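J.: Got a predicted structure plus its sequence, pasted below:
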Amino acid sequence: MAPQKTFYIETFGCQMNVHDSEKVIGTLEQQGYARVETEDAADLILYNTCSIRDKAEQKVFHRLNDYKALYKQGKRFGVLGCVAQQEGERIFERAPFVSLVSGSASYRRLPEMLVQIEQGATRVTGLDDRQTSETFETEFTARSNPHRGYITIIEGCDKFCAYCVVPYTRGKERSRRSASVLAEARRMADSGFTEIQLLGQNVNSYRDPDRLCTFAELLAAVGQVPGIRRVRFTTSHPRDFTRDIVDAIDAVPSLCDHVHLPVQSGSSRVLHLMAREYTRDQYLERIAWIKAAKRPISMTTDIIAGFPGETPQDFEATIDLLSEVQYDGVFAFKYSPRPNTPSLSMPDSVPEEEKSRRLQILLDRQREIQRVNYEKHLGQVLETMVEGLNPARAQIIGRTSQNKTLNFTTSQPIAPAPGVYLPVRVTKAFPNSLVGEAVVQ
Ligand code: SAH
Ligand code: SF4
Ligand code: F3S
């Protein structure tokens with residue numbers, strides 16, 4: 001019997017990449033490969049890469065450099081994901097020991113690409129499928145968590161924001177059939193999953209190819225699958241955020257009390273330069289819908305500090321927006337110039353130190369807001385899903401419907417297992433997490 005083929009995979013980037021890797025792992029296992037935990041033990045080493053900011057991209061090339069010595073031992077390397085699609089065949093020039101370069105739009109063809117590598121091909125590519133209308137669906141998904149799992153409902157992006165590589169790396173926007181999404185949700189519920197996270201670069205730009213339902217209707221339908229207790233969705237684009245999404249959250253208890261709605265800037269002038277297709281007022285109108293919901297819905301966002309041409313007044317408008325919305329979390333980054341993007345050629349008069357200064361002001365302000373927001377939970381009893389144990393602190397790690405970390409203790413002799421839901425009373429609050437005590441039922 002031939003020795004089993006082995007592979008190692010490391011994933012960088014967003015949840016879409018994390019879930020793509022789960023599907024890639026499932027596909028490789030189906031092709032007879034066994035997954036191993038170290039590069040040393042693997043025949044095939046895969047990096048699923050991210051190029052959203054320069055730092056993310058550099059990390060990949062550092063990693064490739066670190067391991068090029070392994071090539072001499074007869075190992076194969078593959079670069080997948082956004083850096084693969086962005087750099088394409090240039091990767092073979094920069095790292096000649098790489099034999100596979102594939103963007104996410106070509107993963108459907110992974111089995112044939114693997115065969116080519118096994119037959120000794122040294123420059124196998126999957127780079128030509130960005131205009132495809134096909135999605136990557138497989139029943140062989142190696143989900144890393146047995147209780148909560150992802151379902152991609154829409155791939156790619158057609159928005160072309162001025163700073164962003166994603167439309168170039170992930171290709172054209174294409175939605176998956178609602179029947180296929182629901183079938184996967186039911187299969188997951190049948191095998192014990194209770195939480196589903198619907199994924200897409202712009203999840204709410206979803207358009208059912210069969211025109212059977214809207215995004216809000218799909219959300220509600222997934223939330224009504226028997227056995228599913230929590231449904232999350234990310235990322236929502238403000239332009240396509242419609243009021244019926246809030247109505248669905250109000251109507252279906254399993255839809256979580258959380259919306260991630262990236263704003264990028266609080267200045268309409270900068271939003272226009274970014275080609276975001278909404279104004280500050282339109283964004284705030286959507287926030288008002290969310291705030292008017294029957295349940296308190298937690299809101300989080302993404303912000304870019306120091307976009308080319310951002311004036312002190314523009315930045316002030318972003319700080320002011322933080323106070324107005326009162327987010328529970330902000331992912332803020334300094335603007336990073338990216339290849340192919342229109343903002344690369346925009347005059348950028350904001351010096352690097354000033355960008356860093358603005359980012360720090362923003363993070364400090366937001367921390368204050370979160371300190372106050374999180375303290376509002378003191379004394380509340382929140383339904384918490386157990387994620388694991390923190391033996392060092394003798395705490396159980398949990399997560400609330402609002403997606404907040406709630407670490408707690410219990411008077412019961414046996415700690416609840418991961419995946420269990422139970423009520424926890426909040427006794428302490430930090431700007432990023434809560435602490436509590438399980439309520440004896
Ligand atoms: N589709 C989502 C976000 C995708 S990328 C949306 O439109 O909101 C995730 C986040 O990375 C973005 O929200 C943005 O804040 C950040 N980002 C993207 N390109 C960037 C760049 N060139 N520099 C800094 N941050 C960037
Ligand atoms: Fe990038 Fe804009 Fe598309 Fe989001 S909507 S992935 S920021 S181009
Ligand atoms: Fe990165 Fe690609 Fe996701 S650039 S953030 S891995 S879509």
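T.: That came through, no problem. Ligands and ions are numbered 1, 2, ... in the order given.
J.: Next one, pLDDT for A2 please.
T.: For A2, the pLDDT comes out at 63.
J.: ditto for D66
T.: The score at D66 is 83. That number is its pLDDT.
J.: same deal with C50?
T.: 97.
J.: got the contact list for the closest residue in space to it that isn't next to it in sequence?
T.: In this structure, C50 finds its nearest non-sequential neighbour in G13, 2.8 Å apart by Cβ to Cβ, 6 or more residues apart in numbering. Placement of C-beta: from N, CA and C, glycine included. Shown in contact with G13 (Cβ atoms under 8 Å, 6 or more residues apart in numbering): 48-50, 52, 56, 81-82.
J.: So which bits of the protein are right by ligand 2?
T.: 157, 159-161, 164, 166-167, 201-202, 237 (Cβ under 6 Å from any ligand atom).
J.: and if we set it to 8 Å?
T.: 157-161, 163-167, 170, 201-202, 235, 237, 262, 264, 276 (Cβ under 8 Å from any ligand atom).
J.: Now which of those residues would you call buried?
T.: When the residues of the chain next to ligand 2 are checked for burial by 16 or more other Cβ atoms under 10 Å, the buried set is 157, 159, 161, 163-167, 170, 201-202, 235, 237, 262, 264, 276.
J.: Out of the residues you listed, flag the one nearest to Y335.
T.: Lowest distance from Y335 to those (Cβ to Cβ) belongs to Y163, with 6.4 Å.
J.: Skipping its backbone neighbours, what lies nearest the closest one in space?
T.: With Cβ to Cβ, 6+ apart, the residue lying closest to Y163 is S343, at 4.5 Å.
J.: count of neighbours near that neighbour?
T.: 21 (other Cβ atoms under 10 Å).
J.: measure it to A275 for me?
T.: Using Cβ to Cβ, to the nearest Å, S343 is found at 9 Å from A275.
J.: what sits in contact with each of the two?
T.: With Cβ under 8 Å, 6+ apart as the test, S343 and A275 both reach A162.
J.: Sort out which residues of the lowest-mean-pLDDT helix or strand in the chain are buried, please.
T.: Across the helices and strands of the chain, mean confidence by mean pLDDT, DSSP states H and E is lowest for helix 54-67: a mean of 88. Buried residues in helix 54-67, counted by 16+ other Cβ under 10 Å: 56-57, 59-61, 63-64, 67.
J.: Which residue, neighbours along the chain excluded, lies closest to D348?
T.: Using Cβ to Cβ, 6+ apart, the closest residue to D348 is P308 (3.7 Å).
J.: D20 too?
T.: S104 (5.6 Å).
J.: go on, E57?
T.: In space, E57 is closest to S51, 4.5 Å off (Cβ to Cβ, 6+ apart).
J.: mind listing what that neighbour touches?
T.: 57, 82-83, 86, 165, 169, 338.
J.: ok, back up a step: I'd like the next helix or strand past the least confident helix or strand of the chain.
T.: Following helix 54-67 in sequence order, the next helix or strand is strand 76-80 (DSSP states H and E).
J.: Just give me how far the next helix or strand after that following strand sits from the chain centre.
T.: Where DSSP H and E defines the elements, the next helix or strand beyond strand 76-80 is helix 81-87. Using Cα atoms, centre = their mean, to the nearest Å, the mean C-alpha position of helix 81-87 is found 17 Å from that of the whole chain.
J.: anything in helix 81-87 near ligand 1?
T.: No - judged by Cβ under 8 Å from any ligand atom, helix 81-87 makes no contact with ligand 1; its nearest approach is 10.2 Å.
J.: What lies in contact with that helix?
T.: By Cβ under 8 Å, 6+ apart, helix 81-87 touches 12-13, 17, 20, 47-52, 57, 60, 91, 94, 101-105, 127, 130, 165-166, 168-171, 339-340.
J.: Mind checking which of the residues you listed are in helices?
T.: 17, 20, 57, 60, 91, 94, 166, 168-170 (DSSP state H).
J.: Among those residues, which ones lie close to ligand 1?
T.: Counting by Cβ under 8 Å from any ligand atom, V166 from these sit close to ligand 1.
J.: Reduced to three states, what does the closest residue to Q197 other than its chain neighbours come out as?
T.: Spatial nearest neighbour of Q197, excluding adjacent residues (Cβ to Cβ, 6+ apart): R232 at 4.3 Å. Here R232 is recorded as strand under DSSP: H, G, I helix; E, B strand; the rest coil.
J.: For R232, which residues are in contact?
T.: Counting by Cβ under 8 Å, 6+ apart, R232 makes contact with 195-198, 256, 258, 403.
J.: Which of those residues fall in strands?
T.: Here DSSP state E is the test, and these give 195-198, 258 as lying in strands.
J.: Now a PyMOL select for only the buried ones of those.
T.: Buried members of the ones in strands among the contacts of R232 can be picked out in PyMOL with the line below, counting by 16+ other Cβ under 10 Å:
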select buried, resi 195+196+197+198+258
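J.: per-residue pLDDT, E139?
T.: Confidence score, pLDDT, at E139: 82.
J.: What strand or helix carries it?
T.: Counting by DSSP H and E, no helix or strand carries E139.
J.: Measure how buried it is and give me the count.
T.: 10.
J.: Next, find the distance separating the residue nearest to D158 when sequence neighbours are not counted from ligand 3.
T.: Spatial nearest neighbour of D158, excluding adjacent residues (Cβ to Cβ, 6+ apart): E173 at 4.3 Å. From E173 across to ligand 3, the span is 13 Å (Cβ to the nearest ligand atom, to the nearest Å).
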